[in-house]
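In: coordinates only, sequence not included:
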């Protein structure tokens, strides 16, 4: 256990037979989904950080991760109403990072003010996820600069990040980020 930005961080790597088993599972999952062939599963151990609210302030962790963006950030958000997260995304674009945000249409009205703020920001593109089968996009994930993946159960809302029992998972690994980015790109292309 270590500390990052004042937060307790549990980081672990996976190696040996466990890594081989996870890699095989990851490959099986990738081949069983609509993931494009370029989305290959990571096979080397990757550092993973786990965080839990309400014991930890996931909002502050997300803001800190978004502040790391120098080149690009891609966000898939079921809910995006947390003002601090929205401000961090806007600030990333001001710093020159390309910011793309894909949101679930069912929440477009609820998040209208925050999404309008992002839509007006230079360097930020916002699309609504559209699927012919009307399945909801329920992701709470993003990739930063092709090297960091953030996932977990926490919606990008004040309550989801600070008051509810949620988790936030960070994987600092280019292959994992690329896998998410391939899925994100496929969803992005169907958005409007």
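Out: In hand now; what should we look at? Just so it is clear, the structure is predicted and the values come from calculations on it, not from any experiment. Numbers count the residues shown, from 1 in each chain.
In: Please spell out which residues along stretch 49-57 are buried.
Out: Of the residues in stretch 49-57, 49, 51, 52, 53, 56, 57 count as buried by neighbour count, 16 or more other Cβ atoms under 10 Å. Every residue, glycine included, has its C-beta placed from N, CA and C.
In: likewise stretch 89-107?
Out: So for stretch 89-107, counting by 16+ other Cβ under 10 Å, buried means 89-93, 97, 99-105, 107.
In: what does that stretch contact?
Out: 66-67, 69-80, 111, 115, 117-118, 121-130, 136-138, 145, 184, 187-188, 191 (Cβ atoms under 8 Å, 6 or more residues apart in numbering).
In: re earlier: which two of the buried residues of stretch 89-107 have the greatest separation?
Out: Taking Cβ to Cβ as the measure, these span a maximum distance of 25.9 Å, between 91 and 105.
In: how much space between the closest residue to residue 125 other than its chain neighbours and residue 119?
Out: Nearest non-adjacent residue to residue 125, counting by Cβ to Cβ, 6 or more residues apart in numbering: residue 100, 4.9 Å away. Using Cβ to Cβ, to the nearest Å, residue 100 is found at 12 Å from residue 119.
In: Show me where this protein has its helices.
Out: Secondary structure of the chain, counting by DSSP state H: helices at 16-32, 58-67, 83-94, 112-120, 158-162, 174-189.
In: closest to residue 150 out of those?
Out: Among the helices of the chain, if distance is taken as Cβ to Cβ, the winner is helix 58-67, at 5.9 Å.
In: Would you point out the helix or strand in this protein whose mean pLDDT is lowest?
Out: strand 7-12 (a mean of 44; mean pLDDT, DSSP states H and E).
In: and residue 149, which of the helices of the chain is closest to it?
Out: It's helix 174-189; of the helices of the chain, that one is closest to residue 149 (Cβ to Cβ) at 4.7 Å.
In: any idea how far the closest one is from the chain center?
Out: Offset of helix 174-189 from its chain centre (Cα atoms, centre = their mean, to the nearest Å): 10 Å.
In: Good, we can wrap up now.
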